[in-house]
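Trainee: give me coordinates for this.
(one chain, ligands or ions: 1)
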Amino acid sequence: MGLTSGFWKLLGASQERDTKKAKGAIDASAEFDSWAAGLDTSEFADAAHALDLHGDPAPDAAKFLALAREAAERSVGLRPFDVQLQGALRMFAGDVVEMATGEGKTLSGAIAAAGYALQGHHVHLMSVNDYLARRDAEWMGPLLEALGLSVGYVTETSTREERKTAYACDITYGSVSEIGFDILREQMVTHPDNLLRPVTDIVIVDEADSVLVDEALVPLVLAGSTSAEAPTTEVFAAVRRLRAGRHYETDSERRNIFLTEDGARAIENELHIDDIYSTEHVGSTLVQVNVALHANFLLRKDVDYIVRDGRVQLINASRGRVAELQRWPDGLQAAVEVKEGVAISEAGKILDSMTVQALIGRYSRVSGMTGTALAAGNQLKEFYSLGVSVIEQNRPNIRIDEPDEVFIDVEHKNAAVVQKIREIHETGQPILIGTQDVAESEQLAASLAEHGLEATVLNAKNDAEEAEIIAEAGNVGHVTVSTQMAGRGTDIKLGGSDESRHDEVAELGGLFVIGTGRHKTERLDNQLRGRAGRQGDPGKSLFFASMDDDVVTSAIEPHKIPTAHDKLTGEMRGDKARHLVDHAQRVTDGQMLEIHANTWRYSRLLAEQRNIIADRRQELLLTERPYEEMSEHENERVAELEAKVGHEATVQGCREVMLWHLDQEWAQHLEEMNDVRESIHLRALGRQNPLDEFHRIAIAGFKHIANRAVDEARITLAGVEFTPEGADLEAEGKARPTSTWTYMVHDNPMAAGGNVFSGIMGTFR
Ligand SMILES: Nc1ncnc2c1ncn2[C@@H]1O[C@H](COP(=O)(O)OP(=O)(O)OP(=O)(O)O)[C@@H](O)[C@H]1O
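Mentor: Sure, this is the predicted structure:
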């Protein structure tokens with residue numbers, strides 16, 4: 001506790017100083033208002049580019065703010081509030097800013113980006129999805145252009161040329177995954193002309209806590225076509241016959257699942273093998289059994305995934321929506337597909353992968369914005385060395401947060417939730433209900449329907465209609481049931497799309513937010529609460545909890561759970577039960593931090609190694625180094641090829657040969673390290689520290705990559721033919737995959753650290 005309070009004290013002092021400094025610059029900017037207003041359009045850009053924004057404080061900070069204010073007003077018709085400029089200045093200083101919902105983060109982010117771009121930097125503004133990237137780029141484009149800056153965006157449908165153009169701009173908007181995938185794809189390019197050249201210089205991350213903390217360890221994967229190993233039907237059938245408790249056990253967190261001794265015997269009998277833990281089976285049959293166990297007993301339909309259009313689609317736990325391009329590692333994906341009886345989707349060989357955290361780590365400077373940064377302060381500090389600035393609200397928050405209502409069990413809680421919704425609905429006040437998963441959202445809507453109350457459901461199954469649903473969610477009498485709200489970028493306006501009804505709804509008390517259960521971190525609770533009370537509107541929030549809730553059962557031992565309750569309603573009145581729920585949430589929050597830290601310890605070394613490979617690749621791709629190295633080792637052969645196809649084609653040929661082997665070695669290293677991670681806990685049984693052991697193997701394996709790649713390239717060079725286009729590697733059976741695709745892996749059991757206690761499920765909740 002001592003350490004934490006010390007940290008907050010520190011934050012408090014520097015926060016006060018920073019706010020004072022920002023306010024000082026904003027006050028000073030008023031003096032330049034008439035100067036800015038007097039500039040005509042053609043003078044604007046020149047004035048912006050003449051500013052000196054280097055140093056802290058930047059000499060021309062006040063002038064910059066006056067220009068930005070004038071530009072925003074002229075181009076997008078919004079005059080930035082002081083708090084928005086404060087937010088922009090703190091992001092410009094490299095902090096993550098906390099600004100409440102509806103305070104206008106989009107404008108703040110654009111102004112901060114302009115500041116960096118005017119210093120001569122390239123800026124990426126990362127959104128959580130394509131829709132927001134495009135919307136924000138188009139919305140803020142005129143402002144940035146007025147300041148003489150170029151703006152572009154990338155989405156999943158952008159062409160190569162469009163991407164190239166977008167990345168050449170001063171400021172590029174894009175989703176985390178799209179930018180991440182482009183960076184991964186750069187690693188497959190073999191001719192300099194094909195590079196998109198995204199520059200990882202400055203990044204401003206929207207919904208920063210969601211991206212930097214909740215999704216930090218999600219791997220972005222680039223794969224090429226091959227067929228993958230899924231559990232065989234025999235393994236699957238054998239696993240399905242196992243019984244919980246007797247043959248397998250799950251840990252209390254439902255993150256991991258293990259065979260018991262009895263289970264191992266049962267599998268051995270079914271599959272007619274002697275010892276599933278023998279060298280012969282550990283790396284193959286046992287892996288398949290684990291995958292099948294996981295798919296069958298841990299992953300739950302309508303919680304972790306849904307089946308739609310004959311496909312298994314993952315639900316992104318932190319956003320409560322379908323994760324379009326995401327899948328589990330191939331064996332697991334196929335196993336779930338078998339479980340649900342749908343066609344097995346194509347599998348691929350992983351060519352390269354990188355976590356969101358490693359992606360962010362490539363930027364020289366990171367800043368961000370979100371509605372809930374402070375609660376993620378520890379993580380942001382620990383994993384990114386980022387500070388948090390809390391920006392006061394433009395208009396004070398008058399939302400009323402009622403104390404939780406706690407029940408002995410989930411049945412009583414659900415009954416009370418329905419009752420409460422009916423009571424509020426009678427008054428006409430709009431209600432937004434946040435549930436924990438798709439299944440719960442549908443059950444609740446069904447219970448409400450039984451009482452004749454129609455609710456609109458916003459969950460992973462219908463996120464296409466999201467914008468329309470949200471537009472009306474604040475209207476009189478509307479009841480909206482939703483899964484998690486993070487990253488939805490939504491602004492629930494009182495009165496819905498009909499602005500004239502705003503005051504009528506405000507009279508009713510504004511939006512009433514109900515949480516059907518506390519999340520495993522308070523941050524997610526606050527994201528939900530934050531939907532009410534935007535821009536000084538009235539609003540209310542109330543959470544329900546029960547002793548059956550995940551957050552309680554996974555943190556508190558059964559015998560410590562109190563039992564006193566009202567026999568009729570099941571309610572547990574008084575502060576004791578509430579404190580218990582708060583305590584349980586602090587425990588689960590801490591558990592998640594621990595898991596994150598642990599997983600990061602495993603992935604950090606690979607991230608560093610990946611950077612070394614990327615540098616080497618860059619050298620081979622952009623310089624004549626491959627020609628020089630090959631000439632050094634294979635002088636005669638290079639001379640022979642050069643005589644045949646000329647210098648340029650020889651350089652390109654040597655490049656292709658060397659890149660092919662480097663990429664090959666790296667993919668193999670990743671694959672090996674994946675295997676090591678999967679089996680590392682078995683080594684831990686042999687009393688080695690699993691992390692040390694993992695590092696030892698990773699370092700030893702990596703050491704030889706560069707040399708082996710050169711040796712292999714020399715062998716290939718001896719036999720390969722060169723054409724005017726370069727090396728004919730295809731004829732040597734060394735073709736690059738004809739198609740590549742990308743995906744993000746959520747809840748990836750194979751990449752979650754390999755520690756038996758961290759591992760499988762819910763890592764990012
Ligand atoms: N300076 C301003 N003056 C008037 N309206 C503004 C101003 N800045 C932003 N707005 C309006 O406030 C609303 C919210 O803006 P924005 O979407 O950027 O908020 P946000 O902070 O990102 O909220 P969320 O957390 O919901 O994403 C928009 O409708 C926008 O037009």
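
Trainee: the residue in the chain that the ligand sits nearest to: what's it in contact with?
Mentor: Going by Cβ to the nearest ligand atom, the ligand is nearest to residue 104 of the chain, at 2.9 Å. For the C-beta atoms, the positions are set from N, CA and C on the backbone; glycine is no exception. With contacts defined as Cβ atoms under 8 Å, 6 or more residues apart in numbering, the neighbours of residue 104 are 78, 80-81, 84, 394.

Trainee: need those in a markdown table (columns: pLDDT, distance to residue 663 and secondary structure).
Mentor: As requested, those are arranged in a markdown table below (pLDDT from 0 to 100; distance: Cβ to Cβ, whole Å; DSSP: H, G, I helix; E, B strand; the rest coil):
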| residue | pLDDT | distance to residue 663 | secondary structure |
| --- | --- | --- | --- |
| 78 | 95 | 47 | coil |
| 80 | 96 | 47 | coil |
| 81 | 95 | 50 | coil |
| 84 | 96 | 45 | helix |
| 394 | 87 | 51 | coil |
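
Trainee: ok, of those, which one's closest to residue 354?
Mentor: Distance to residue 354 across the contacts of residue 104 (Cβ to Cβ) is lowest for residue 84, with 33.2 Å.

Trainee: contacting residues for the closest one?
Mentor: Contacts of residue 84 (Cβ under 8 Å, 6+ apart): 99, 103-104, 107-108, 111, 394.

Trainee: 10 Å - rerun?
Mentor: Residues counted as contacts of residue 84 (Cβ atoms under 10 Å, 6 or more residues apart in numbering) are 26, 68-69, 72, 78, 99, 103-111, 391, 394.

Trainee: just the buried residues of these.
Mentor: 26, 68-69, 72, 78, 99, 103-111, 391, 394 (16 or more other Cβ atoms under 10 Å).

Trainee: just give the nearest non-adjacent residue to residue 373, would you?
Mentor: residue 98 (3.8 Å; Cβ to Cβ, 6 or more residues apart in numbering).

Trainee: what is the burial count for that neighbour?
Mentor: 26 (other Cβ atoms under 10 Å).

Trainee: thought it was touching residue 207?
Mentor: No: if you go by Cβ atoms under 10 Å, residue 98 and residue 207 don't touch, sitting 11.7 Å apart.

Trainee: name the residues contacting each of these two.
Mentor: 105, 368-372.

Trainee: let's see which of those residues end up in helices.
Mentor: residue 105 (DSSP state H).

Trainee: for the shared contacts of residue 98 and residue 207, pick the one with the most neighbours.
Mentor: Counting neighbours by other Cβ under 10 Å, residue 368 leads the shared contacts of residue 98 and residue 207 with 31 neighbours.

Trainee: so which of the shared contacts of residue 98 and residue 207 is the closest to residue 89?
Mentor: Closest approach between the shared contacts of residue 98 and residue 207 and residue 89, by Cβ to Cβ: residue 369, at 12.3 Å.

Trainee: correct me, but the closest one touches residue 91?
Mentor: Yes: checked against Cβ under 10 Å, the pair residue 369 and residue 91 is within contact range at 6.4 Å.

Trainee: which residues are in contact with each of these two?
Mentor: 97, 99, 105, 108-109, 112, 204-205, 208, 389, 391.

Trainee: now for the closest residue to residue 233 other than its chain neighbours: which residues touch it?
Mentor: Of all residues not flanking residue 233 in the chain, residue 338 sits nearest, at 7.6 Å (Cβ to Cβ, 6+ apart). With contact set as Cβ under 10 Å, 6+ apart, residue 338 has these partners: 230-233, 236, 292, 295-296, 312, 344.

Trainee: what helix or strand does residue 338 sit in?
Mentor: helix 330-339 (DSSP states H and E).

Trainee: distance between that helix and the chain's centre?
Mentor: 23 Å (Cα atoms, centre = their mean, to the nearest Å).

Trainee: one more: stretch 651-663?
Mentor: Taking Cα atoms, centre = their mean, one finds the center of stretch 651-663 at 33 Å from the center of the full chain.

Trainee: nearest to residue 17, of the contacts of residue 338?
Mentor: Nearest member of the contacts of residue 338 to residue 17, counting by Cβ to Cβ, is residue 312, at 51.6 Å.

Trainee: residue 302 is in contact with the closest one, correct?
Mentor: No: between residue 312 and residue 302 there is no contact, the gap being 11.6 Å when judged by Cβ under 10 Å.

Trainee: between the two, which one's more packed in?
Mentor: The residue with more neighbours, out of residue 312 and residue 302, is residue 312; 26 against 18, by other Cβ under 10 Å.

Trainee: quick one: contacts for that one?
Mentor: Taking Cβ under 10 Å, 6+ apart, one finds 295, 299, 301, 304-306, 327-328, 333-340, 342-345 in contact with residue 312.

Trainee: the residue nearest the centre of the chain and residue 180, how far apart?
Mentor: Most central in the chain under Cα atoms, centre = their mean is residue 215, positioned 3.1 Å from the mean C-alpha point. Separation of residue 215 from residue 180 (Cβ to Cβ, to the nearest Å): 11 Å.

Trainee: what do you get for residue 87?
Mentor: 25 Å.

Trainee: also residue 218?
Mentor: 10 Å.

Trainee: what does residue 280 give?
Mentor: For residue 280, the distance to residue 180 equals 38 Å [Cβ to Cβ].

Trainee: check residue 419 too.
Mentor: 45 Å.

Trainee: could you list which of the contacts of residue 338 belong to helices?
Mentor: Mapping the contacts of residue 338 onto helices (DSSP H) picks out 233, 236, 292.

Trainee: just among those, which is most surrounded?
Mentor: When neighbours are counted by other Cβ under 10 Å, residue 292 leads these with 27 neighbours.

Trainee: got a list of what it touches?
Mentor: 230-232, 235-240, 242, 267, 331-332, 335-336, 338-339.

Trainee: so the residue of the chain most remote from its centre is in which element?
Mentor: Of all residues in the chain, residue 643 has its C-alpha farthest from the mean position, at 51.5 Å, by Cα atoms, centre = their mean. Using DSSP H and E, residue 643 sits within helix 635-645.

Trainee: could the contacts of residue 338 go into a markdown table alongside distance to residue 652 and pLDDT?
Mentor: A markdown table is the format used below for the contacts of residue 338 (distance: Cβ to Cβ, whole Å; pLDDT from 0 to 100):
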| residue | distance to residue 652 | pLDDT |
| --- | --- | --- |
| 230 | 39 | 64 |
| 231 | 44 | 72 |
| 232 | 44 | 77 |
| 233 | 48 | 79 |
| 236 | 48 | 84 |
| 292 | 47 | 86 |
| 295 | 45 | 86 |
| 296 | 50 | 86 |
| 312 | 43 | 83 |
| 344 | 39 | 71 |
